[in-house]
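Peer 1: Pasted the sequence and its predicted model underneath.
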Amino acid sequence: MTALARQPPAAAGSAEAVIVGAEIAAGHDGAADLLLSIRYGNGAISQVALDADTAFGVMQVVGAADLAGLIGRSWGEISKGL
């Protein structure tokens with residue numbers, strides 16, 4: 001299961017980090033993790049893995065019913081609650 005943004009949700013040059021991709025991946029312990037791709041204001045993209053409990057909590061807080069509901073969300077706002 002994967003959700004990817006087709007276009008960058010943030011304007012070019014924006015300082016805000018936003019989620020541009022989300023997928024379910026196997027974690028180091030074999031359990032499912034949520035792998036988020038985050039685009040930063042300088043254009044760099046990195047990935048962050050969240051364990052299942054944290055991932056479900058994040059999705060609940062932002063009201064995302066599926067992975068696509070995370071695309072375009074501010075990583076800065078989400079990460080404050082982690």
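Peer 2: Yes, it's here. Residues are numbered from 1 along each chain as shown.

Peer 1: For the helix of greatest length in the chain, buried residues please.
Peer 2: Looking across the chain with DSSP state H, the single longest helix is helix 52-62. Residues of helix 52-62 classed as buried by neighbour count (16 or more other Cβ atoms under 10 Å): 55, 58-59. C-beta: built from backbone N, CA, C; applies to glycine.

Peer 1: what about it, distance to the chain center?
Peer 2: Distance of helix 52-62 from the chain centroid (Cα atoms, centre = their mean, to the nearest Å) equals 11 Å.

Peer 1: From the contact counts, what lies against it?
Peer 2: Counting by 3 or more Cβ pairs under 8 Å, 6 or more residues apart in numbering; DSSP states H and E, the packing neighbours recorded for helix 52-62 are strand 32-39, helix 75-80.

Peer 1: which of those sits most buried?
Peer 2: strand 32-39 (a mean of 20; mean count of other Cβ atoms under 10 Å).

Peer 1: and that one, what other elements does it pack with?
Peer 2: Against strand 32-39 (3+ Cβ pairs under 8 Å, 6+ apart) you get strand 18-26, strand 45-51, helix 52-62.

Peer 1: how about these in JSON lines, adding distance to L34 and mean pLDDT?
Peer 2: What follows is those, written out as JSON lines (distance: least, Cβ to Cβ, whole Å; pLDDT from 0 to 100):
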{"stretch": "strand 18-26", "distance to L34": "6", "mean pLDDT": "96"}
{"stretch": "strand 45-51", "distance to L34": "4", "mean pLDDT": "96"}
{"stretch": "helix 52-62", "distance to L34": "4", "mean pLDDT": "93"}
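
Peer 1: Between these, which one is closest to W75.
Peer 2: strand 18-26 (5.8 Å; Cβ to Cβ).
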